[in-house]
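> below are the sequence and a predicted model; questions follow.
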Amino acid sequence: MTIHMNLGTESYDILVERGILRNARNHLNLNRRVLVVTDSGVPAEYARSVAAQCKHAVICTVEQGEASKSLHTLEKLLQTMLDHGFSRKDLVVAVGGGVVGDLSGFAASMYMRGIDFYNIPTTLLSQIDSSIGGKTAINFGGVKNIVGAFYQPKRVLIDPSLLQTLPPRQISNGLAEAVKMALTSDKELFDILESKDIAHCMDEIIIRSLLIKKDVVEQDEKEAGLRRILNFGHTIGHGIESSEGMSELYHGECVALGMIPMCGEEIRPRVIRVLKKCNLYRTLAYDWDRITEAAFHDKKADGDTVTVTTVREIGSFHIRTMPCAELIELAKQVLEGLKS
């Protein structure tokens with residue numbers, strides 16, 4: 001299936017097809033120098049498969065994990081391109097999850113003021129969400145995604161068969177973003193997650209999630225308004241993720257917890273049941289002082305207020321601005337209340 005992202009001169013296609021990795025050369029212009037970026041957690045044969053289809057490929061493998069979204073690793077990619085004589089006509093290809101995509105896209109945006117970038121996401125989270133939309137970034141000063149650029153890929157290849165090598169917890173991590181999309185924008189997708197066998201519906205879950213994000217990005221590429229719904233659950237989620245002692249949690253696991261307080265009381269039990277089905281529900285010993293500090297280093301915070309998305313009815317949303325202290329109190333009340 002081909003999904004077209006219509007962004008004027010920045011438009012591109014998203015191709016969803018099982019086995020497409022083996023035939024990447026049929027869909028991408030690889031007849032040039034190509035920096036293939038992957039990480040140590042991705043099966044090495046994925047990057048090698050892409051490299052074998054290129055005219056001249058250099059594989060750069062970074063360490064798995066959020067720590068690689070750093071100035072040090074960014075410098076490594078830029079230095080590799082410089083050492084191998086990359087020109088403005090050459091290319092960066094990300095073969096990995098969200099960390100690899102964010103890092104590779106940012107490097108491509110910077111080298112010679114911008115060279116081509118393709119994304120081949122290998123995790124469910126990146127296939128559903130982070131591989132499209134053009135957000136690229138690294139972490140800096142202990143703040144997640146604080147340095148980056150909007151830089152759209154030239155094409156995205158999504159091969160759902162690559163998910164077969166993922167451990168169950170990584171599948172759950174990606175499903176958090178599908179739950180997010182469903183709650184704000186697609187009641188039928190929520191029904192699938194709630195009542196059907198998720199593994200048997202995975203291609204449909206990926207495609208429906210991509211169509212939601214495509215629609216939002218086309219209307220609001222640079223997050224001036226509507227695109228904020230894609231941050232549903234992320235303010236508290238990022239606070240949990242970035243607070244000390246929570247480093248063992250994945251991004252999607254933190255976002256899942258961050259969504260619960262932002263849902264209305266009437267739908268909250270259904271949301272929790274779906275999160276449990278997706279292995280995304282847990283109770284934690286929260287350090288609210290650290291969560292508050294981490295959450296409001298978040299770039300979405302503006303002074304003493306923050307703009308958040310709330311969901312009262314599944315499939316629809318409201319965007320509202322509220323005091324930071326009120327948001328923390330709401331999250332504290334709801335999440336601590338789940339322990340009783």
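Structure received. Everything quoted here is computed from the prediction, not taken from an experiment.
> so who does L74 touch?
L103, F106, A107, M110, I138 (Cβ atoms under 8 Å, 6 or more residues apart in numbering). Where C-beta positions appear, they are placed from N, C-alpha and C, glycine not excepted.
> quick check: it vs E204, distance?
For L74, the distance to E204 under the criterion Cβ to Cβ, to the nearest Å works out to 36 Å.
> and if you look at Q127?
For Q127, the distance to E204 equals 13 Å [Cβ to Cβ].
> wait, Q53 sits on L30?
Yes: under the criterion of Cβ atoms under 8 Å, Q53 lies in contact with L30, with a separation of 5.5 Å.
> what do these two both touch?
Taking Cβ under 8 Å, 6+ apart as the contact definition, Q53 and L30 share the neighbouring residues A24.
> who's more crowded, those two?
Counting neighbours by other Cβ atoms under 10 Å for Q53 and for L30 shows that L30 has the greater number, 22 against 19.
> report the separation between the spatially closest residue to that one that is not a sequence neighbour and V95.
Residue nearest to L30 in three dimensions, not counting chain neighbours: C54, with 4.3 Å by Cβ to Cβ, 6 or more residues apart in numbering. Separation of C54 from V95 (Cβ to Cβ) stands at 12 Å.
> one more: R227?
Where V95 is concerned, R227 sits at a distance of 26 Å (Cβ to Cβ).
> so which of these two has more stuff around it?
With other Cβ under 10 Å as the criterion, R227 and V95 differ in neighbour count, and V95 comes out ahead with 31 against 18.
> report the contact partners of that one.
V36, V37, T38, V42, Y46, A47, V50, I120, T122.
> among those, which lie within helices?
When these are checked against helices (DSSP state H), the matches are Y46, A47, V50.
> where do the contact lists of C54 and V95 overlap?
V36.
> ok, the ones in helices among the contacts of V95 vs K196, which is closest?
Minimum separation from K196 among the ones in helices among the contacts of V95 (Cβ to Cβ) is found for Y46, which lies at 28.8 Å.
> residues near that closest one, how many?
When neighbours are counted by other Cβ under 10 Å, Y46 registers 19.
> that one: what's it in contact with?
L21, T38, V95, I120, T122, L162.
> check it and give its pLDDT.
The predicted structure scores Y46 at 98 on the pLDDT scale.
> lowest confidence element among the helices and strands of this protein?
strand 301-302 (a mean of 52; mean pLDDT, DSSP states H and E).
> what's the mean pLDDT across the helix or strand hosting A182?
Here A182, judged by DSSP states H and E, is contained in helix 168-185. Confidence over helix 168-185 (mean pLDDT, whole number) is 96.
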